[in-house]
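J.: Return a 3D structure for these sequence lines:
(one chain, ligands or ions: 1)
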Amino acid sequence: MKLGIICGSHRKDSQSLKVAKYIEKSFKNLLNKPSYLLDLGENPIPLWDESIWQGNPDWKKIWDPISAELEGCNAFVFVVPDWSGMAPAGVKNFFLMCGGASGVLAHKPSLLVGVSSSRGGSYPIAELRMSSYKNTRVCHIPEHLIIRDVEQMFLDEVASDEDEKYIRGRVDYSLKVLEKYAEGLDVVRNSGVLDAKNYPFGM
Ligand SMILES: Cc1cc2nc3c(=O)[nH]c(=O)nc-3n(C[C@H](O)[C@H](O)[C@H](O)COP(=O)(O)O)c2cc1C
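T.: All right, here's what the predicted structure looks like:
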């Protein structure tokens, strides 16, 4: 298994990046397998435009290295902050890049992680469950995480209180579940039934 972790905040040194790094470390401690972290704060992807369909070389320079990394991953974690009750525009843009024939996320499991500095964090999860999978064919698993009061979380090696202890346990549990979905969906992708040529877009 190789895990791709997408930090969906396009602020530099965001709280979401702190969460993404914590998840990456937990994954290493737990499963000791490779990972790839893409921070949309440090690596902003320009807004999609249709020259990408004409093979614009500027786009190839930006997207091909990212696409190759994503291709090599068979499970994903999306860390998505709650911005005005929405997923940030950069996250939606990222899903546009991964749609249709690209197939880099297709039939691979994803763990969604909502982030909020207060008591929010659920709206981006609901939004991505509703709208991000159609052309990407990404499979958001039923488990998800919401990291609330994020500024107080993951500051030290050990949890600061019972709430954080619970979340840390839940991160480990969710990663173990994600690993099993990765094994299960490897079977689907290798089964020979998928037909992206005739059915490149979802209905
Ligand atoms: C433009 C913007 C809008 C935000 N709106 C909300 C919100 O509606 N609800 C909420 O719980 N937090 C909101 N926040 C706070 C984020 O949850 C907080 O910044 C948190 O640290 C995650 O964002 P980050 O990863 O970009 O740091 C907002 C933050 C920004 C930058």
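J.: hey, let's count contacts and neighbours off CA atoms from now on
T.: Will do.
J.: Could you report the pLDDT at Pro88?
T.: Per-residue pLDDT puts Pro88 at 98.
J.: for the one 3 residues further on, same thing?
T.: Predicted confidence (pLDDT) for Val91: 98.
J.: Specify the local secondary structure of it.
T.: helix (DSSP: H, G, I helix; E, B strand; the rest coil).
J.: what's around Met153, how many residues?
T.: Here the count is done by other C-alpha atoms under 10 Å, and Met153 has 22 residues near it.
J.: Apart from its neighbours in sequence, what residue is nearest it?
T.: Computed as C-alpha to C-alpha, 6 or more residues apart in numbering, the closest residue to Met153 that is not its neighbour in sequence is Glu164, at 6.6 Å.
J.: What helix or strand is the residue positioned nearest the centre of the chain located in?
T.: In the chain, the centroid-proximal residue (C-alpha atoms, centre = their mean) is Phe78; its distance is 2.3 Å. With the criterion set as DSSP states H and E, the secondary-structure element containing Phe78 is strand 75-81.
J.: just checking, what packs against that strand?
T.: Strand 75-81 is packed against strand 3-7, helix 15-31, strand 109-115, helix 123-131, helix 162-189, with contacts defined by 3 or more C-alpha pairs under 8 Å, 6 or more residues apart in numbering; DSSP states H and E.
J.: Within the sheet, what are the partner strands of that strand, with directions?
T.: Strand partners for strand 75-81, identified by DSSP bridges, are recorded as strand 3-7 (parallel), strand 109-115 (parallel).
J.: I'd like to know which of those lies nearest to the ligand.
T.: Ranking the strands paired with strand 75-81 by proximity to the ligand (C-alpha to the nearest ligand atom) places strand 109-115 first, at 5.3 Å.
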